[in-house]
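[1] Below are the sequence and a predicted model for it; my questions follow.
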Amino acid sequence: MNMIIIGFGNVGQSLAEMLELRAPELRERYGLKVNVVAIVDRGGAALSEAGISLSEAVKAKRFRGSVSTMRGLGRPQLSALEVLEEVDGDIVIEVTSTSLETGEPGLTHIKKAISSKKHVVTTSKGALAQMLPDLIELANKNDVSLMFSGAVGGAMPILDFAKMCLRGEKVESLRGVLNGTTNYILWRMAERRIGLSQAVREAQELGYAEENVSYDLNGLDTACKLVILANWVINRRVSLKDVETRGIEELSLEEVLKAKEEGFAVRLIGSIKENLRVRPERVSLRDPLCVDSSLNAVVFTCRYSGQHVLIGRGAGGKETASAVIRDVLTIAQGFGWASSPKDVLNVNPKSVWATP
Ligand code: HSE
């Protein structure tokens, strides 16, 4: 399977490291051989039909600033769109840092990749929150798959769980902690009695935060995830303007500590009921949403079977890369690049990307 990686920040580099580390396992267990034929970052691209050494690509990015500095393979200034025109890849991994307001540049990359009949795996919350129904339609029209399980919940398969495991149910509402950065910040403020700005710096150093950390703090990241969940899982045609959004920027250390004294924790909660809402709330210490560190948690309330809770790692390069590999495997198994191990249920990818 020939892969093109667009975006080589925290997630892209973690994916490269994981693909290299797990290559023997992917080959032995699934018969999958991933050949990365192009990597694009802000400085240009590296291209090789024979396959790029992923550890060399990570080194080039970390020490010289761009994969386009790779000897013999580097193409400074070559853009993602030019790569999508020039390179014959089977699957595109779109993990650029994308504006949550406009969905760009991820949106344009995804549309171009789909229109060139390439399968797409993306974590681009901005692009999906802007245009998920249209992108699904475009993928169906071009007979390729579009998967995005890392866009909500990081490593935790929130979307797959709701779409696959809860099929046959009716998800009536949900509440969740969907942003790892703010959860880490609120938890650290309460535990260590540190101010917001110090906790923000820590979350950035740990690689949880968006490149533009205000997306985490002002609730927009959570709002995007709610829009994706609402469209994909609950079948509601909503967009960002339908989400009443308040973040944690104004929250003081005093408020967080007062809540703690009174037996509560403050968490940034996203909810879908009659309305879509993001706001900091006091939650009881026994509430399943009262999770620590950068964890995410979601409670789905279903009409027939009641509540289901998922808790897991919602942010971080390695965590999100593991979700990308999950999607790559689903596509690879569905289209003949990989087989299913005998001990695993076979998933038909059509059921994943058919109309929501
Ligand atoms: N900044 C995001 C978060 C990354 O903290 O949850 C994962 O979407």
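    Yes, it's here. These numbers were taken from a predicted model, which means no experiment stands behind them.
[2] Could you check how far L251 is from G51?
    As judged by C-beta to C-beta, to the nearest Å, L251 and G51 stand 48 Å apart. All C-beta atoms are positioned from the backbone trio N, CA, C, and that covers glycine.
[3] what comes into contact with stretch 155-173?
    Outside stretch 155-173, the residues within contact range by C-beta atoms under 8 Å, 6 or more residues apart in numbering are 148-149, 151-153, 176, 228-229, 232-234, 271-273, 296, 298, 300-305, 308, 310-314, 316, 318-320, 322-323, 326, 347, 351-352.
[4] could you dump that stretch to PDB, C-alpha only?
    C-alpha atoms of stretch 155-173 as PDB (Å, rounded to 0.1, in the frame of the first residue of the first chain):
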ATOM      1  CA  ALA A 155      -6.700   7.000  20.600                       C
ATOM      2  CA  MET A 156     -10.100   6.300  22.200                       C
ATOM      3  CA  PRO A 157     -12.400   4.900  19.500                       C
ATOM      4  CA  ILE A 158     -15.400   7.100  20.400                       C
ATOM      5  CA  LEU A 159     -16.600   7.400  16.800                       C
ATOM      6  CA  ASP A 160     -16.200   3.700  16.000                       C
ATOM      7  CA  PHE A 161     -17.800   2.700  19.200                       C
ATOM      8  CA  ALA A 162     -20.900   4.900  18.600                       C
ATOM      9  CA  LYS A 163     -21.200   4.100  14.900                       C
ATOM     10  CA  MET A 164     -20.400   0.400  15.000                       C
ATOM     11  CA  CYS A 165     -21.000  -1.000  18.500                       C
ATOM     12  CA  LEU A 166     -24.100   1.100  19.100                       C
ATOM     13  CA  ARG A 167     -25.700   0.500  15.700                       C
ATOM     14  CA  GLY A 168     -29.200  -0.800  16.200                       C
ATOM     15  CA  GLU A 169     -29.500   1.600  19.200                       C
ATOM     16  CA  LYS A 170     -30.600   5.200  19.200                       C
ATOM     17  CA  VAL A 171     -28.100   7.500  20.800                       C
ATOM     18  CA  GLU A 172     -30.400  10.200  22.300                       C
ATOM     19  CA  SER A 173     -27.800  12.400  24.000                       C
END
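[5] now the residue of the stretch 201-350 of the chain found nearest the ligand, what's its secondary structure?
    Nearest residue of the stretch 201-350 of the chain to the ligand (C-beta to the nearest ligand atom) works out as A315 at 3.7 Å. At A315 the chain is in coil, as set by DSSP: H, G, I helix; E, B strand; the rest coil.
[6] Would you enumerate the residues in contact with it?
    Counting by C-beta under 8 Å, 6+ apart, A315 makes contact with G154, N179, G180, T181, Y184, G207, Y208, S294, N296.
[7] Output those residues as a markdown table; include the columns neighbour count and secondary structure.
    As requested, the contacts of A315 are exported to a markdown table (neighbours: other C-beta atoms under 10 Å; DSSP: H, G, I helix; E, B strand; the rest coil):
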| residue | neighbour count | secondary structure |
| --- | --- | --- |
| G154 | 29 | coil |
| N179 | 33 | coil |
| G180 | 28 | helix |
| T181 | 28 | helix |
| Y184 | 24 | helix |
| G207 | 19 | coil |
| Y208 | 27 | coil |
| S294 | 25 | coil |
| N296 | 26 | strand |
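[8] Widest-spaced pair of these?
    G207 and N296 (15.4 Å; C-beta to C-beta).
[9] I'd like the average pLDDT over stretch 122-139.
    The average pLDDT within stretch 122-139 is 97.
[10] Can you verify E82 is assigned to a helix?
    Yes - checked against three-state DSSP, E82 lies within a helix.
[11] residues near it, how many?
    For E82, the neighbour count with other C-beta atoms under 10 Å is 14.
[12] just R175 next, same as before
    By other C-beta under 10 Å, 22 other residues sit near R175.
[13] Now for it: which residues touch it?
    Residues near R175 by C-beta under 8 Å, 6+ apart: I269, G270, S271, L289, V298, V299.
[14] do T245 as well
    By C-beta under 8 Å, 6+ apart, the neighbours of T245 are N218, G219, L220, T222, A223, R277, V278, R279.
[15] right, and the fifth one touches V238 too?
    Looking back up the chat, that one is A223. No - with contact defined as C-beta atoms under 8 Å, A223 does not reach V238; the gap is 10.3 Å.
[16] got any residues that touch both of these two?
    Residues touching both A223 and V238 by C-beta under 8 Å, 6+ apart: L276.
[17] of those two, who's got more company?
    Neighbour totals were compared for A223 and V238, and A223 leads with 29 against 17 (other C-beta under 10 Å).
[18] Next one: that one relative to G247, how far apart?
    Distance, A223 to G247, using C-beta to C-beta: 9 Å.
[19] between those two, what contacts are shared?
    Common neighbours of A223 and G247 (criterion: C-beta under 8 Å, 6+ apart): V278.
[20] circling back: among the contacts of T245, which ones are in strands?
    Members of the contacts of T245 lying in strands (criterion: DSSP state E): R277, V278, R279.
[21] Okay, now the unreliable bits of this protein?
    Applying pLDDT under 70 to the chain picks out residues 342-356.
[22] now do 90
    155, 314-315, 339-356 (pLDDT under 90).
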